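[1] whatever this is, show me its structure:
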Amino acid sequence: MPDNTVQAAYTAVHTLYIDLFGSPSDLAPDDAAFALTHLTPGPVLDLGCGPGHFTKFLTDAGVPATGIDLVPEFIAHARATYPDIPFELGSIRALDVPTASVPGILAWFSLIHMPPAELPTVLAEFHRALVPKGPLVIGFFESTDTIEPFPHKVTTAYRYPTDQLSEILREAGFTEVDRLHHPAAGDVRPHSALAVVKSSISPTVSLPADIVDIRR
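    Reported below is the predicted structural model:
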């Protein structure tokens, strides 16, 4: 999905989103602990940072972080609310950083609107930016059997079987080190997190069969 489509969708609901999810206290404790475990000592790029709540959590925990997001209203809110933390307007598709310069990346549900066929290219950009063995933590919605779109309340999103996303990450030059799973509960969809590190293997940017099927 093009950046401008996602930007427009979140701009339309930014006030509601900030009210519902915009505080560090809205983070699930085990999610926060999982990210902190694998992103210490930083610094970290929080890609798709939204209103900056996870960036604030990491910073308060002693992990320097910079938040980057497409939505000007999110960045304006984050800068006003957390003036001592750097926030930048930008796209996760093209990071304005030198190659092999970023110690860690958090992509917490910031890839969910990315069409699966485009995911390997974006992961290749993360691989380029990270230092050798640099960690990447991804939060995502989980499916059981196949990669599939679903009607997210903001705009179309995609969910992945955890093993399959781990394989996509392996093909993109990453090695899994840990995972976290949340089963469905009430109105909350099943979701998971993967922690991986940049390996010495170059990304292949190949597409699994079911991603090819989605493209057709």
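
[2] just checking, Asp69 touches Ile75?
    Yes: taking contacts as Cβ atoms under 8 Å, Asp69 lies within contact range of Ile75: 5.6 Å. Quick note: C-beta positions are derived from backbone N, CA and C, even for glycine.

[3] the more surrounded of these two?
    Asp69 (27 against 21; other Cβ atoms under 10 Å).

[4] count of residues packed around the closest residue to Leu106 other than its chain neighbours?
    Of all residues not flanking Leu106 in the chain, Asp46 sits nearest, at 4.7 Å (Cβ to Cβ, 6 or more residues apart in numbering). Close neighbours of Asp46, defined as other Cβ under 10 Å, add up to 32.

[5] what about the spatially most central residue of the chain, distance to Thr144?
    Closest residue to the average C-alpha location of the chain: Ala107 at 1.9 Å, with Cα atoms, centre = their mean. Distance, Ala107 to Thr144, using Cβ to Cβ, to the nearest Å: 22 Å.

[6] repeat that for Leu27.
    26 Å.

[7] so which of these two has more stuff around it?
    Higher neighbour count among Leu27 and Thr144: Leu27, with 17 against 9, using other Cβ under 10 Å.

[8] which ones are touching that one?
    53-54, 57 (Cβ atoms under 8 Å, 6 or more residues apart in numbering).

[9] of these - the most surrounded one?
    Going by other Cβ under 10 Å, Phe54 tops the contacts of Leu27 with 28 neighbours.

[10] after whatever helix or strand it lives in, next one along is what?
    Applying DSSP states H and E as the criterion places Phe54 in helix 53-60. Next in sequence after helix 53-60, counting helices and strands by DSSP H and E, comes strand 65-69.

[11] adjacent strands (with direction) for that following strand?
    Paired with strand 65-69 in the same sheet, following DSSP bridges, are strand 44-47 (parallel), strand 87-89 (parallel).

[12] where does this protein have low pLDDT?
    Applying pLDDT under 70 to the chain flags the ranges 1-14, 16-22, 151-155, 185-188, 201-216.

[13] tell me where it has helices.
    Under the criterion DSSP state H, the chain contains helices at 3-12, 14-21, 29-39, 53-60, 72-81, 119-129, 162-171, 209-215.

[14] contact partners for Pro183?
    Counting by Cβ under 8 Å, 6+ apart, Pro183 makes contact with Pro190.

[15] again, only using 10 Å
    Pro183 makes contacts with 142, 189-192, as judged by Cβ atoms under 10 Å, 6 or more residues apart in numbering.

[16] and the furthest pair within these?
    Arg189 and Ser192 (10.5 Å; Cβ to Cβ).

[17] which of the two has more residues huddled nearby?
    A direct count of neighbours by other Cβ under 10 Å for Arg189 and Ser192 places Ser192 higher, at 20 against 15.
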